[in-house]
Structures are given as structure tokens and as C-alpha cells.
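Engineer: got a sequence here, can you model it:
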Amino acid sequence: MLNRLGGMHLSARLLDILPQRVLFLDGAMGTAIHAIEDLDLERDFQGKENCPEVLNLTRPEVIQRIHESFFAVGCDAVETNSFGGMPHVISEFDLADRAREICRVSAQIARRAADAHATPGKPRFVFGSLGPGTKLVTLGQITWDDMLASYTEAARGLIEGGADALLIETCQDLLQCKCAANACIDAQRQAGLWETENRLPIFVQVTIETTGAMLMGTEIGAAAVALGQLPIDGIGINCATGPTEMAEHIRHLTEHCGKYISVLPNAGLPAMVDGKTVFPLQPEPFAEQLGRFVDALGVNVIGGCCGTTPDHLRALVEKVGTRPPAPREPRLPAACTSLYSPVDLKQDNSVLMIGERTNANGSRKFKQMLADEEWDGLVSWARGEVRGGAHVLDVCVDYVGRDGVADMQQVIGRYVQQIQVPLMIDSTEADVIETALKLAGGKCIVNSINLEDGEERLNRVCPMLQRYGAAVVALTIDEDPQAGMAKTADRKLAIAERLYGLCTGKWRIDPRDILFDPLTFTIATGNADDRRLGLETLDGIEKIAQRFPECGILLGLSNISFGLKPAARQVLNSVFLHEAIARGLTAAIVHPSKIQPKTKIDPAHWDAALGLIYDARGADRPEGAPENFDPLIHFIGLFPDDADAKPQVAHENLSLEEKLQRHIIDGEKQNLETDLDAALEQYSPLEIINDHLLAGMKVVGELFGSGQMQLPFVLQSAEVMKQAVA
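Structural biologist: Below you'll find the predicted structure:
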């Protein structure tokens with residue numbers, strides 16, 4: 001059924017209205033139904049208590065009357081009586097096989113009411129309502145595929161019945177949001193509407209509990225990022241609380257989300273009065289608070305949820321009128337998220353640290369636990385990476401002889417609930433990647449795409465980025481059989497340019513969701529051809545960063561030092577990371593606890609590593625070095641077999657005052673109490689704090705501000721300062 005007014009499809013008219021003025025949705029269907037006294041459990045509900053959807057079949061005139069009561073007070077749109085109409089929900093009432101019919105009839109009822117009140121100057125709209133259901137994918141109560149099929153069936157019914165938009169509301173789980181949104185897209189594709197002028201807008205509303213997060217623990221910032229990449233039109237908040245409790249969450253959405261924003265609060269927080277649930281917020285204060293959201297924050301769609309009546313909506317319409325919402329200029333974050341919270345892809349004064357040891361190809365221990373199916377051990381292993389400073393975990397279960405799909409289900413199913421940081425899904429197999437994305441409600445990073453087989457891998461992976469909402473790592477590899485992996489800076493840039501064109505053009509990927517990996521290779525082989533590989537990578541980083549400033553740049557850092565002893569690798573990795581950040585690197589796959597800031601590395605080791613990276617031979621050799629000076633041999637010679645794997649600046653010759661500062665600068669607790677006891681023999685506690693410890697913190701601040709110290713080390717310094725003061 002196509003709904004037209006003046007030759008224009010109503011869904012298009014709806015999107016034309018939103019930039020011009022506020023759109024008024026209706027109030028609470030449940031509250032209105034419970035207020036009707038002549039509804040009989042057996043006759044009208046057919047014995048199906050708490051199933052208001054059945055009234056679409058038995059008492060359609062009652063539902064239409066409720067819709068009309070909201071249109072009569074000035075509402076632009078009503079929601080269909082289909083909140084629980086999905087087959088997986090309504091099966092509890094033995095109505096699964098009638099779900100599509102019930103949704104179709106619900107839209108037809110609302111359509112009749114809308115058409116009865118529509119005028120050429122004031123069209124009326126029908127929003128097809130889809131609630132959260134009774135099962136969550138994140139909790140393993142239902143699979144993505146089963147939920148997708150259920151929502152698709154309901155959405156098809158709403159489309160057939162004449163809905164003008166689809167509203168997924170009261171969402172508790174990001175996976176459910178994503179799944180339902182994709183179902184609405186799939187249903188429109190099946191109806192021939194998607195990617196046409198007649199497509200139905202899609203709105204998603206999450207519910208933020210009084211705890212300040214969604215039921216699964218998701219904060220609004222994570223929801224905005226995870227849902228913001230989906231091809232939906234609006235994001236909002238409804239239910240759980242009144243407008244006052246929603247204010248800061250709405251503010252965050254309006255400042256950090258480029259979609260239309262909707263707000264449908266309850267009539268205040270519920271209270272029990274004489275054994276009945278009562279919503280105490282009266283129409284006037286309800287309207288007053290929502291009016292402020294429009295005027296101060298630029299909210300586009302307003303209405304009511306539990307406890308709101310036609311009187312609430314009448315007051316709201318009169319309060320806000322036809323004035324446009326305040327203009328917004330949101331700052332859209334380049335970020336990924338876990339189920340719980342977001343992480344910026346570009347860190348201030350730091351680099352995005354991606355833990356490398358949750359990877360079967362990068363950690364023997366992880367690989368062994370995977371082989372032994374020590375699932376709890378794998379969770380503990382991941383927690384250790386987070387404690388070590390990882391902002392994101394690179395998760396790879398590719399292991400010859402094992403079922404990658406089954407392993408990914410086991411690992412990701414645990415990580416999404418028990419690990420607080422976002423995940424990078426790393427696999428060469430498309431089905432393994434998709435398995436992970438169906439289980440991770442947050443916004444993941446997919447590692448990776450490249451042009452080794454032309455566009456084949458992009459054609460398999462990029463549709464998943466759109467469907468599930470993910471960022472991507474793009475490797476500078478192409479089809480050239482002689483030099484597929486780009487080793488020179490110019491080839492790295494050329495392949496990056498080709499990848500960028502395909503990703504942003506053909507696949508409409510946001511540039512901020514692309515992280516180029518210009519590849520680095522070991523410079524420790526001794527082969528003449530390998531000497532400049534690190535320098536070419538640094539030059540490549542700089543060229544790509546200048547050409548594509550919106551994109552991120554990532555390296556698998558440890559490749560640079562492959563073949564060296566652990567102590568030498570730690571130094572070379574740390575120095576190369578420092579240089580790469582200076583050239584424009586924004587992310588690195590590393591073992592964070594093995595990276596040391598410059599302040600913790602012996603200056604001689606640091607300089608030797610620089611000489612190796614920049615190939616300081618011949619005319620570039622250090623002053624006083626022989627003509628046959630080899631920076632690789634020199635660097636290796638600094639690390640005998642018994643070298644400490646944690647090289648640090650020697651403290652033996654420092655004064656007591658300098659030692660106190662170094663404890664803070666290095667984040668070093670060892671011998672802290674001994675040095676403090678010695679200082680207390682000469683100085684008062686306040687003198688120690690003000691003159692020496694704070695001097696160390698000042699240095700930390702300067703190093704952090706200049707990018708020479710990363711955030712994990714700053715936090716270590718702060719912890720030592722706290723212990724010293726105590």
C-alpha cells in the first residue's frame with residue numbers, strides 16, 4: 001500500500017518536515033488500553049492476558065479510537081499497536097503464525113485514523129512500532145538469524161498495512177537494535193522500497209534506565225557510535241524515566257549524533273499508589289521540559305511513553321507549536337565501542353593500543369588455550385591485555401584444523417559480556433568475521449581488507465561493515481605478483497588511494513572508519529634490501545596521513561623487530577612506535593606492557609635503535625664511527641644474552657631528590673618506600689610532595705603534552721604519586 005498526499009509519498013513528506021519543525025508522536029498505547037473499562041479478558045483478549053496486539057483482530061474500533069484521540073489533540077503521527085507483534089514474542093500466545101497479519105492490521109487501523117484527520121496542509125503519519133521483544137541475542141536467548149527473521153516478518157506486515165515509517169523502540173540491547181534495523185531494511189528490499197524514493201524512514205530508540213545505562217550496561221555514547229553508522233534516519237530515547245532523568249543523555253545525542261533525535265519520556269518515574277502503578281508528571285510540566293529539549297538541544301521528534309495521555313500531548317503541541325528545533329552542529333566521533341562504552345579511534349596525545357595477544361597467530365599461549373578449549377582461561381588472558389593498557393583487543397581464532405566459526409562463537413560470546421574494551425575481528429574467512437559481528441553489539445573494527453585478489457575481499461567484507469556497523473583496516477597490498485605487499489612509501493600511498501576510492505565511493509564507508517595499514521617488515525635480517533624498510537614505512541605513514549587526514553593509520557608494530565632478542569625487540573619496537581606517531585600513526589597492534597616511553601630507555605639504546613631505523617651507514621653513520629659501521633651489528637651488540645628484558649635508565653648515581661622524581665616519571669614503585677624514608681630524614685612531608693614529587697608530575701605532564709609519554713604510563717605515574725603521598 002502506497003500512501004500519497006499531493007503526489008508525494010508520505011514517507012518522503014515526513015523527512016521533508018523534520019528539518020522545518022518538530023514532529024509530534026502520540027502517547028502511551030498501553031495506558032490508553034488499560035483505561036478502557038469494558039474490555040473483557042476472554043471475549044476481547046481471547047484469554048491472552050498482556051497481549052494488547054490481539055485487540056487489532058477482536059476490537060479494531062477500540063484501537064482506532066485511541067489513535068484518533070491523539071490525532072485530535074494535534075499529534076502528527078501515531079504508533080501502531082504492534083509493540084510485541086514479532087513472531088518470537090507473540091509465540092508465547094500461540095499467535096506466531098498470525099504475526100504478519102496482526103502487524104498488517106495494526107497499520108491498517110492506524111492508517112484509517114490518520115487518513116480521517118489528514119488535510120493537505122497537515123498530513124498525518126503512521127509509525128510502525130517494533131518493541132524489544134522478550135529475548136536478547138547478547139544473552140544467548142535467541143540467535144541473530146532467528147531474531148532477524150522474526151523482525152523481518154513483522155516489518156513486512158507493517159509495510160503492507162500502510163506504515164509511513166518504522167520505529168524500533170524501548171531497546172535494551174545493541175545487538176537487538178542492529179538486528180531489528182537490518183530486518184526493517186530487508187523487509188523494504190523484499191517490498192521493492194529500499195533505495196527508492198518510497199523507502200520508509202527507520203528510527204531506533206534506546207531505553208536508558210535510572211542506572212544511567214541500557215539494561216545491558218551500555219552508555220549512551222556507545223549507543224550513539226554503534227548505531228550511528230547504520231543507514232537509519234533517527235536515534236532517540238524512550239521509556240524508563242521522565243524527561244528530567246533523560247536530559248544529559250539527550251544532550252549527548254544532540255551533540256554527538258548526526259541523525260534526527262527523538263524523545264518519548266514517561267510521565268515521570270512510576271510510583272505505587274494503592275497497589276497501582278501511577279506516573280505522576282502532569283501535562284504542563286511534561287510539556288515544559290520537552291519544550292526545553294526542542295529549544296536548547298534541537299530535538300526533532302517528541303511524544304510520550306508510559307503514563308502519557310492525550311492531555312499530555314495536547315499540552316506539548318500547544319507549548320512547542322510549529323517552531324523549528326534549535327540548530328545543531330554535532331561533533332561526530334571517530335570511534336569504536338564495546339557493548340558498554342566507546343573508545344576514540346584517534347587518541348589525544350597517544351596512540352590507539354590494540355592488544356596483539358588474543359590472536360592465535362600472535363600468541364602461543366592463546367593458541368594452546370584455544371586448542372584445549374579453555375574458554376575461561378581465554379577470558380582471563382584478555383583481561384590481562386586490558387590491564388596491560390590495551391584500548392582494543394585484536395581477536396583471531398584462525399587455526400588450521402579447527403572450526404573457526406564455532407571457536408569465534410565461543411570466544412566472542414564471552415568477550416562481549418566480560419571484556420570492557422572494543423574488539424577487532426581478525427580473520428581471513430568471511431564467515432568467521434560475520435559470526436563475530438552477529439555476536440558483538442558494539443562497533444567493532446574488522447581486520448582486514450586488501451587488493452591481493454583484486455576487489456574480491458572488499459566485495460565480501462564491505463557489505464558486512466554496512467550491515468553490522470564496523471570500522472575496517474585496509475592493508476596496502478594489491479594484485480602485483482612481484483610486489484603485492486607494498487614496501488616503498490610511494491607504492492603504499494598508491495594502494496591506499498585505490499582502497500580509499502573503492503571504500504568511500506563504491507561502498508560508502510565513512511573515511512573516519514578506515515584505518516590504513518601501510519605494513520612494516522623486519523629490519524633485522526642483515527639483507528641490504530631490508531635496511532630501509534622501516535624508513536619507507538615511516539615515509540609511507542607520513543604520505544598517507546597527509547593525503548587522508550580523516551582516516552586512521554595502523555601498524556602491526558612487532559614485525560619491525562622480528563628475529564631479535566626480547567630485550568632488543570622491546571627497545572626497537574618502542575623507538576619505532578615513537579617515530580611512527582610523530583609521522584602520523586594513530587593506532588598500533590602491540591603488546592602494550594612491552595612498550596616503554598623514552599624516559600625509561602637507556603639513551604645509548606635509544607640512539608642505536610634510531611640509527612638502525614634510519615639506516616645510519618656510510619655518510620649517515622654516527623660521528624666518530626668507522627667507515628664500515630653497521631647499525632644493526634652495533635644495536636645487537638648492546639643486548640648480550642643475559643640482557644634485562646626491561647631496559648631502564650640507571651638510577652644508582654642519582655641524588656635522593658632525583659630518585660624521588662624518577663619514581664614518579666617512570667611510574668616505578670620498587671624501592672619507593674626506602675627512598676621516601678630517607679627523604680623524611682631531611683625534609684617534611686609537604687616539602688617532599690611540593691618540591692620533589694610534584695616536580696616529577698610536572699615532567700610527566702610535559703611529556704604527555706608533547707606526545708612523548710602515552711596515557712597508560714601517565715596513569716602508572718599517577719598511581720605511584722598516590723602511593724607516595726599516602
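Engineer: CA only for contacts and neighbour counts going forward, please
Structural biologist: OK.
Engineer: next, give phi and psi for the most centrally placed residue in the chain.
Structural biologist: What sits nearest the mean C-alpha location of the chain, by Cα atoms, centre = their mean, is Thr337, with 2.8 Å. Here is the backbone geometry of Thr337 (degrees, to the nearest 10): phi -140, psi 150.
Engineer: show me what it is bridged to.
Structural biologist: Per DSSP bridges, the residues bridged to Thr337 are Pro342.
Engineer: mind checking how far it is from Gly441?
Structural biologist: 9 Å (Cα to Cα, to the nearest Å).
Engineer: which residues are in contact with both of the two?
Structural biologist: Common contacts of Thr337 and Gly441 (Cα atoms under 8 Å, 6 or more residues apart in numbering): Ala226.
Engineer: my guess is the residue nearest to the centre of the chain meets Val225, correct?
Structural biologist: Yes - the criterion here is Cα atoms under 8 Å, and Thr337 meets it with Val225 at 7.1 Å.
Engineer: list residues touching both of those two?
Structural biologist: Lys443.
Engineer: what does stretch 56-70 contact?
Structural biologist: For stretch 56-70, using Cα under 8 Å, 6+ apart, the contacting residues are 26-27, 29, 32, 44-45, 55, 78, 81, 102, 105-106, 109-110, 112-114, 117, 310, 313.
Engineer: among the residues you listed, which ones are buried?
Structural biologist: Among those, the ones that count as buried by 16 or more other Cα atoms under 10 Å are 26-27, 29, 32, 44-45, 55, 78, 81, 102, 105-106, 109-110, 113-114, 310, 313.
Engineer: name the element Trp381 belongs to?
Structural biologist: Per DSSP states H and E, Trp381 falls inside helix 375-387.
Engineer: which non-adjacent residue is nearest Phe719?
Structural biologist: Actually, residue 719 is Glu. It isn't Phe. Gly667 (7.4 Å; Cα to Cα, 6 or more residues apart in numbering).
Engineer: tell me the contacts of that neighbour?
Structural biologist: Shown in contact with Gly667 (Cα under 8 Å, 6+ apart): Phe713, Val714, Gln716, Ser717, Ala718, Glu719, Val720.
Engineer: who's in contact with Asn573?
Structural biologist: Asn573 touches Leu557, Ser558, Ile560, Ser561, Ile595, counting by Cα under 8 Å, 6+ apart.
Engineer: sketch out the low-pLDDT regions of the stretch 551-700 of the chain for me.
Structural biologist: 641-653 (pLDDT under 70).
Engineer: ranges for the strands of it?
Structural biologist: 552-556, 587-590 (DSSP state E, counting those that start in this stretch).
Engineer: who does the shortest one pair up with?
Structural biologist: Sheet partners assigned to strand 587-590 using DSSP bridges are listed as strand 352-355 (parallel), strand 552-556 (parallel).
Engineer: so how far is the first one from its chain's centroid?
Structural biologist: So that's strand 352-355. Relative to its chain's centre, strand 352-355 lies at 15 Å (Cα atoms, centre = their mean, to the nearest Å).
Engineer: extract the CA atoms of it and return them as PDB.
Structural biologist: Provided in PDB are the C-alpha atoms of strand 352-355 (Å, rounded to 0.1, in the frame of the first residue of the first chain):
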ATOM      1  CA  LEU A 352      45.200   3.500  20.000                       C
ATOM      2  CA  MET A 353      46.800   0.500  21.600                       C
ATOM      3  CA  ILE A 354      45.400  -2.800  20.100                       C
ATOM      4  CA  GLY A 355      46.300  -5.800  22.200                       C
END
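Engineer: what's the following helix or strand after that strand?
Structural biologist: helix 364-371.
Engineer: in that following helix, what counts as buried?
Structural biologist: Along helix 364-371, these residues count as buried under the neighbour rule (16+ other Cα under 10 Å): Phe366, Lys367, Met369, Leu370, Ala371.
Engineer: extract the CA atoms of that helix and return them as CSV.
Structural biologist: Presented in CSV, the C-alpha positions along helix 364-371 are these (Å, rounded to 0.1, in the frame of the first residue of the first chain):
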residue,chain,number,x,y,z
ARG,A,364,51.4,-19.4,21.5
LYS,A,365,49.6,-19.3,24.9
PHE,A,366,46.4,-18.1,23.3
LYS,A,367,46.7,-20.7,20.6
GLN,A,368,47.2,-23.5,23.1
MET,A,369,44.3,-22.5,25.3
LEU,A,370,42.1,-22.3,22.2
ALA,A,371,43.2,-25.9,21.2
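Engineer: what packs against that helix?
Structural biologist: Other helices and strands packing on helix 364-371, by 3 or more Cα pairs under 8 Å, 6 or more residues apart in numbering; DSSP states H and E, are helix 375-387.
Engineer: any idea how far the helix it packs on is from the middle of the chain?
Structural biologist: On Cα atoms, centre = their mean, the centre of helix 375-387 falls 21 Å from that of its chain.
Engineer: same thing with stretch 93-100?
Structural biologist: On the basis of Cα atoms, centre = their mean, stretch 93-100 sits 35 Å off its chain's mean C-alpha point.
Engineer: what's next to that stretch, contact-wise?
Structural biologist: Residues contacting stretch 93-100 (Cα under 8 Å, 6+ apart): 48, 51, 85-91, 153-158.
Engineer: got a PyMOL select line for the buried ones in those?
Structural biologist: The following PyMOL line selects those of those that are buried, judged by 16+ other Cα under 10 Å:
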select buried, resi 48+51+85+86+87+88+89+90+153+154+155+156+157+158
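Engineer: what's the most distant pair in the contacts of stretch 93-100?
Structural biologist: Taking Cα to Cα, the two most distant members of these are Lys48 and Arg156; they sit 23.9 Å apart.
Engineer: check contacts around Thr525.
Structural biologist: Here Thr525 is in contact with Gly563 (criterion: Cα under 8 Å, 6+ apart).
Engineer: go on, Asp233?
Structural biologist: Counted by Cα under 8 Å, 6+ apart, Asp233 has contacts Pro201, Ile202, Phe203, Lys259, Tyr260.
Engineer: restricted to strands, list those.
Structural biologist: Ile202, Phe203, Tyr260 (DSSP state E).
Engineer: most surrounded residue in those residues?
Structural biologist: The most crowded member of these, judged by other Cα atoms under 10 Å, is Phe203 (24 neighbours).
Engineer: partner residues bridging it?
Structural biologist: For Phe203, the beta-bridge partners are Leu167, Gly234 (DSSP bridges).
Engineer: residues in contact with it?
Structural biologist: Ala165, Leu166, Leu167, Ile168, Ile232, Asp233, Gly234, Ile235, Gly236 are the contacts of Phe203 under Cα under 8 Å, 6+ apart.
Engineer: just name the closest of those residues to Val432, please.
Structural biologist: Set against Val432, the nearest of the contacts of Phe203 by Cα to Cα is Ile232 (26.0 Å).
Engineer: sec struct for the closest one, please.
Structural biologist: coil (DSSP: H, G, I helix; E, B strand; the rest coil).
Engineer: ok, it - contacts?
Structural biologist: Ile232 neighbours (Cα under 8 Å, 6+ apart): Ala181, Pro201, Ile202, Phe203, Val204, Lys259.
Engineer: can we see that at 10 Å?
Structural biologist: With contact taken as Cα atoms under 10 Å, 6 or more residues apart in numbering, Ile232 is in contact with Leu166, Ala181, Asn182, Cys184, Ile185, Leu200, Pro201, Ile202, Phe203, Val204, Lys259, Tyr260.
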